[in-house]
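Peer 1: Fold the following for me, if possible:
(2 chains)
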Protein chains: 2
Amino acid sequence: MDFSEIDTPFTVIDYERLVSNLERHLLRTQQQGIASRPHAKTHKIPEMAKLQLEYGARGITLATIGEAEVFVEAGIDDIFLAYPLWLTPRKAARLQALAPRARVGMGVDSVAGIQQAAKTLGTTTIEFMIEVDSGHHRSGIDPHQVVPLAQALADHDLALRGVFTYPGHSYQPDTKDDASQDEVTALTIATSALESAGFEVLERSGGSTPSLHSTQSFLTETRAGVYALGDAQQLELGGMDMDDVALSVVTTVVSARGQTVVVDAGSKIMGADKASWASGHGRVLGHSDARIVAMSEHHATVVFSDSEPAPRCGDIIQVIPNHVCNAVNLVDSVLVKRARKPAQVWPVAARGKNS
Amino acid sequence: MDFSEIDTPFTVIDYERLVSNLERHLLRTQQQGIASRPHAKTHKIPEMAKLQLEYGARGITLATIGEAEVFVEAGIDDIFLAYPLWLTPRKAARLQALAPRARVGMGVDSVAGIQQAAKTLGTTTIEFMIEVDSGHHRSGIDPHQVVPLAQALADHDLALRGVFTYPGHSYQPDTKDDASQDEVTALTIATSALESAGFEVLERSGGSTPSLHSTQSFLTETRAGVYALGDAQQLELGGMDMDDVALSVVTTVVSARGQTVVVDAGSKIMGADKASWASGHGRVLGHSDARIVAMSEHHATVVFSDSEPAPRCGDIIQVIPNHVCNAVNLVDSVLVKRARKPAQVWPVAARGKNS
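Peer 2: Down below sits the predicted model:
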């Protein structure tokens, strides 16, 4: 398609690459013998969630009630909020309002959070997953300390579905296999503790895109999300190739000096994520040696290697955000480019639904 | 006001602090003898731009045509796009459509950009400012090389208004005074070169919030924008105090372990900016010793010092983004809290207008 029909910068998804990523994920999880419940905070797009369900996902994962409201409204009927929500009366009412239309699960990592949920939800069909810390040290309780939480749920007649963890420490070069092992260890400790205390653990949920290839069948489901679109972080962590990256930002060169050019996409469409190990502020599609050496809100400074001619003012190039989840959250819609079919526009319907 | 009336996280502006910042800025620029044309990409809120005009601003600065469309529609009639726009026919038509309702200026930093503008704009009242590089090394031409650009403008009957630069290298600890000096040097070189070649330079525009206190009267106007709201970067660069910060994100503690707590505001409402010299991913309003040591999309991990009790699950705290411009761009509206008056809601009308 001809990108000159739209004013740059804009965000585009390559449909064929997306589908190829979904197919590969389905095959991998089938081989591993685990279910997939992709984290839809990566895309916030109901059309894309439905495509994930077509490609074998059992439901989706989200982080906020606002996101859940959007996806349930769009017809998704199995949602897990992988977050230790603090349920004020208003938030509890919003969550309860979803329950007649969807199977809804939520995370807890404290007795206080459970007591609060019990107080504000009353009788409910919402199911609870206890979050354990497998080494990322964010939310999640020590896996040895899960029993009082299961007991608190039982005391309040709230349903325990299982345990979950997020091995976020897989987002470092060369740590993904260790993180995957940590994940199994944490979930094993928590499961054993709960089963020894007489609680049934139906679900053991984990997963992140970097650790996907080494995810172990002790898990019952993976919540990885980035695998579907890819980004510069996944490229640099080694789990995806440039040809797998399905989302990019189409941008125009506005200033050029030798091998250094400035394009009109900055942190307001790419996001400002830059991990300490990242080689730059993003990458350039089809130009493996180019690096985004600086970024401000509406400028990205790209250095091309001497082995290829740099683009000139007015030329169009496609840049890859470091972190796709935050990049998608910056736009109201994405253009979906398809081979031999007209392009589509998918609204990012859950963009900005932070609460 | 009672923050418990709204679901967290949400973004709030303290009106009295905002007005106090505008008053101080007016006084400072009056003393310096320079005009103010604040960069409204900081807030993207027409109500706030109008307040800046009440407090002495001569017009506003923006980065994109999409932003200009929003602010002109809201009645702002003097706009400078401090950006080397590459005018496709469609972008040129959009820009021209604004000209009957506003004085419009735009940046150029190449002969190619000027030729493109001449080709697509035709006869126009749009005025041009030549961007020079004062050391930030982003866009902007070497100040010694401005004459061919002025000549190209003249050859195409396009109006030269003056020269501008952005001393973005002021965003480092202890470089702001040097950056301010570099700015004057670059604008002086460019002005002299142009005047020697017979061109009139009506405007010399510069400025950034870190270098505001040392901005020199050789400038005719400053485009600083962050001064109005403040953020953690300004706190840490030393130009603003905690009591000056007018924007924060109201958030709930969802997980707590000793002096470490997790709140429900992450990079999807705070932005992911973290300069190499920043002490963390943001700060905590009213708690100078607390640090945000980690941030993901919906989690911020905050460590409180041992000298004060840490908040508990369910408590509300206010966190300060590192970079306010990107934080505001993540929300559809902000709550404006006023002393002894009802709170207001200001739409972030130019949010996401990247093109």
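
Peer 1: low-scoring stretches of the stretch 251-355 of chain A, by residue?
Peer 2: Along the stretch 251-355 of chain A, no part satisfies pLDDT under 70.

Peer 1: Return the residues of it in contact with chain B.
Peer 2: Contact residues (C-beta under 8 Å from any C-beta of the partner chain) of the stretch 251-355 of chain A with chain B: A:252-256, A:262, A:264-265, A:267-269, A:271-274, A:294, A:296-299, A:301, A:312-314, A:323, A:325-326, A:329-332, A:352, A:354-355. Every residue, glycine included, has its C-beta placed from N, CA and C.

Peer 1: Which residues are in contact with the most far-flung residue of chain A relative to its centre?
Peer 2: Within chain A, A:Gly258 marks the point farthest from the mean C-alpha position, 37.4 Å out by C-alpha atoms, centre = their mean. Neighbouring residues of A:Gly258 by C-beta atoms under 8 Å, 6 or more residues apart in numbering or on different chains: A:Ala310.

Peer 1: how close does it sit to chain B?
Peer 2: Distance, A:Gly258 to chain B, by C-beta to the nearest C-beta, to the nearest Å: 12 Å.

Peer 1: Tell me how many other residues surround A:Asp7.
Peer 2: Neighbourhood size, A:Asp7 [other C-beta atoms under 10 Å in any protein chain shown]: 18.

Peer 1: wouldn't it be in contact with B:Leu95 here?
Peer 2: No - look at A:Asp7 against B:Leu95 with C-beta atoms under 8 Å: they stay out of range, at 11.1 Å.

Peer 1: Mind listing the shared neighbours of the two?
Peer 2: In terms of C-beta under 8 Å, 6+ apart, A:Asp7 and B:Leu95 are both contacted by the residues B:Ile65.

Peer 1: give me phi/psi at the nearest residue to A:Lys41 once chain neighbours are set aside?
Peer 2: Leaving aside its sequence neighbours, A:Lys41 sits nearest to A:Ala63 (C-beta to C-beta, 6 or more residues apart in numbering or on different chains; 5.1 Å). Dihedral pair for A:Ala63: phi -110, psi -30, per degrees, to the nearest 10.

Peer 1: can you check A:Ile79 too?
Peer 2: Dihedral pair for A:Ile79: phi -130, psi 130, per degrees, to the nearest 10.

Peer 1: Same question for A:Arg161.
Peer 2: Torsion angles, degrees, to the nearest 10, at A:Arg161: phi -90, psi -40.

Peer 1: Equivalent analysis for A:Thr191, please.
Peer 2: Main-chain torsions, A:Thr191, degrees, to the nearest 10: phi -60, psi -50.

Peer 1: Would you check how far apart it and chain B are?
Peer 2: Distance, A:Thr191 to chain B, by C-beta to the nearest C-beta: 21 Å.

Peer 1: Identify the spatial nearest neighbour of that residue, chain neighbours not counted.
Peer 2: Using C-beta to C-beta, 6+ apart and skipping the chain neighbours, the partner closest in space to A:Thr191 is A:Val201 (4.8 Å).

Peer 1: Would you agree the one you found is in contact with A:Val147?
Peer 2: No - counting by C-beta under 8 Å, A:Val201 does not reach A:Val147; the two are 11.7 Å apart.

Peer 1: These two: who's more crowded?
Peer 2: A count of neighbours by other C-beta under 10 Å puts A:Val201 above the other of A:Val201 and A:Val147, at 21 against 16.

Peer 1: Around chain B, which positions in the stretch 101-250 of chain A sit nearby?
Peer 2: Contact residues (C-beta under 8 Å from any C-beta) of the stretch 101-250 of chain A with chain B: A:109-110, A:112-113, A:116, A:137-140, A:168.

Peer 1: quick one: strands adjacent to the biggest strand by length in chain A?
Peer 2: Across chain A, the longest stretch assigned as strand under DSSP state E is strand A:247-257. Looking at strand A:247-257 with DSSP bridges, its partner strands are strand A:10-14 (antiparallel), strand A:260-263 (antiparallel), strand A:316-321 (antiparallel).

Peer 1: by contact count, what packs against the next helix or strand after the second one?
Peer 2: Using DSSP states H and E, the helix or strand that follows strand A:260-263 towards the C-terminus is helix A:267-270. For helix A:267-270, the helices and strands in contact under the criterion 3 or more C-beta pairs under 8 Å, 6 or more residues apart in numbering or on different chains; DSSP states H and E are helix B:324-328.

Peer 1: hmm, who's touching stretch A:67-82?
Peer 2: For stretch A:67-82, contacts defined as C-beta under 8 Å, 6+ apart pick out A:37, A:39-41, A:44, A:46, A:49-50, A:53, A:58-65, A:94-95, A:98, A:101-107, A:129, A:131, A:164, A:166, A:205, A:223, A:349-350, A:353.

Peer 1: Buried residues in stretch A:301-319, which are they?
Peer 2: A:301-304, A:310-311, A:313-314, A:317-319 (16 or more other C-beta atoms under 10 Å in any protein chain shown).

Peer 1: residue contacts, the residue nearest to A:Lys41?
Peer 2: Contacts of A:Ala63 by C-beta under 8 Å, 6+ apart are A:39, A:41, A:81-83, B:297-298.

Peer 1: Can you flag which of the residues you listed belong to strands?
Peer 2: Applying DSSP E to the contacts of A:Ala63, the entries found in strands are A:Leu81.

Peer 1: Any of the contacts of A:Ala63 buried? List them.
Peer 2: Buried by 16+ other C-beta under 10 Å: A:39, A:41, A:81-83, B:297-298, out of the contacts of A:Ala63.

Peer 1: Which of the contacts of stretch A:67-82 fall within helices?
Peer 2: A:46, A:49-50, A:53, A:65, A:94-95, A:98 (DSSP state H).

Peer 1: Go back to those and keep what's next to chain B.
Peer 2: Applying C-beta under 8 Å from any C-beta to the ones in helices among the contacts of stretch A:67-82, those adjacent to chain B are A:65, A:94.
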